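Engineer: here is my input; please provide its structure:
(one chain, ligands or ions: 1)
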Amino acid sequence: TAEEKQKRWTLNDFDIGKPLGRGKFGHVYLAREKKSNHIVALKVLFKSQLKQSQVEHQLRREVEIQSHLRHPNILRLYGYFYDQTRVYLILEYAARGELYKELQKCKYFSEKRAATYISSLARALIYCHGKHVIHRDIKPENLLIGAQGELKIADFGWSVHTFNRRRTMCGTLDYLPPEMVESVEHDASVDIWSLGVLCYEFLYGVPPFEAKEHSDTYRRIVKVDLKFPMKPIVSSSAKDLISQMLVKDTSQRLPLHKLLEHPWIVQNADPSG
Ligand SMILES: COc1ccc(C(=O)Nc2ccccc2)cc1NC(=O)CCSCc1cnc2[nH]ccc2c1
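Structural biologist: Numbers count the residues shown, from 1 in each chain. Predicted coordinates for the structure are as follows:
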């Protein structure tokens, strides 16, 4: 609400619960806001670590970006506060946890589940691109599952406004499109490539360009060395969609709104997302 928006939060406003995980810059705890009993995830970041990694400006930009994003498939950042030594992010709590753990457990997803996830992510990315935000780091580790089974894009550690594109290498190579691996200018179409990689991994349980060595993954990405295994059985319609997203020429990648009209999505995605 509006009053929650500008309220000055302090640690005393929350009961702290179990640890939810440990990020690069700090720990995340389940927490309950005392007055409303609202369950949230409280991410604690150490100022000292932010300073030594020179990411304070990035955190400020991210909080700025997040405060304008409202979408059912994007994890909310409700607010933040700080004390002498720490910065606290008040984040939405995704009750069904981390997607990559679910993917490890199931090995791979059914076509209906994969299509439902991909279409909800496409709608979230269309929303972000409409606000000139490209995410650039769509991978299973950055996705959480809400109480109704809906997917939430959860980590904006690398989202940037399209006008100030940066060429930092972020995390694993598997999800990076050729133009980022070759470190040339890139735009919102990087998210289409990553969504194609994600769709492949949802259906096969491994990313399309996986290789033992980084150098081999790099070679496979820039060559777009896309192969579909015989197992598990995947419909040709799904392969057709993936082949239209994993295209080297960024202008030839299937636009996100066209993805939502693709037969595989129309026939398999649950509209409620
Ligand atoms: C909108 O989201 C975020 C916004 C900002 C940042 C962030 O740390 N930015 C940063 C930090 C330092 C330097 C620069 C930028 C992180 C997130 N998101 C997460 O960290 C997701 C997991 S924490 C939440 C959460 C929820 N629900 C769960 N259910 C199970 C586990 C779990 C875990």
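
Engineer: wasn't residue 144 part of a helix?
Structural biologist: No - when the secondary structure is assigned by DSSP: H, G, I helix; E, B strand; the rest coil, residue 144 falls in strand instead of a helix.

Engineer: if it is in a bridge, with which residues?
Structural biologist: For residue 144, the residues forming beta bridges with it (DSSP bridges) are residue 98, residue 152.

Engineer: does residue 68 touch residue 131 like I think?
Structural biologist: Yes - taking C-beta atoms under 8 Å as the contact criterion, residue 68 and residue 131 are neighbours in contact, 6.3 Å apart. Heads up, the C-betas are built off the backbone N, CA and C, glycines and all.

Engineer: okay, these two: which has more neighbours?
Structural biologist: Remark: of residue 68 and residue 131, residue 131 carries more neighbours, 12 against 8, as counted by other C-beta atoms under 10 Å.

Engineer: if I pick that one, what's in contact with it?
Structural biologist: Contacts for residue 131 (C-beta atoms under 8 Å, 6 or more residues apart in numbering) come out as 68-69.

Engineer: need the pLDDT of it.
Structural biologist: On the pLDDT scale, residue 131 is placed at 85.

Engineer: same deal with residue 53?
Structural biologist: 84.

Engineer: what about the spatially closest residue to residue 120 that is not a sequence neighbour, how many residues nearby?
Structural biologist: Setting aside the residues directly before and after it, residue 120 is nearest to residue 273 in space (C-beta to C-beta, 6 or more residues apart in numbering), at 3.7 Å. The burial metric for residue 273, expressed as a neighbour count using other C-beta under 10 Å, is 18.

Engineer: what residues does residue 273 make contact with?
Structural biologist: Going by C-beta under 8 Å, 6+ apart, the list of residues near residue 273 reads 72-73, 116, 119-120, 123, 150-151.

Engineer: now do the contacts for residue 270.
Structural biologist: 112, 116.

Engineer: let me know the secondary structure of it.
Structural biologist: For residue 270, the secondary structure call by three-state DSSP comes out as coil.

Engineer: torsion angles phi and psi at it?
Structural biologist: Note on residue 270: backbone dihedrals following degrees, to the nearest 10 are phi -80, psi 120.
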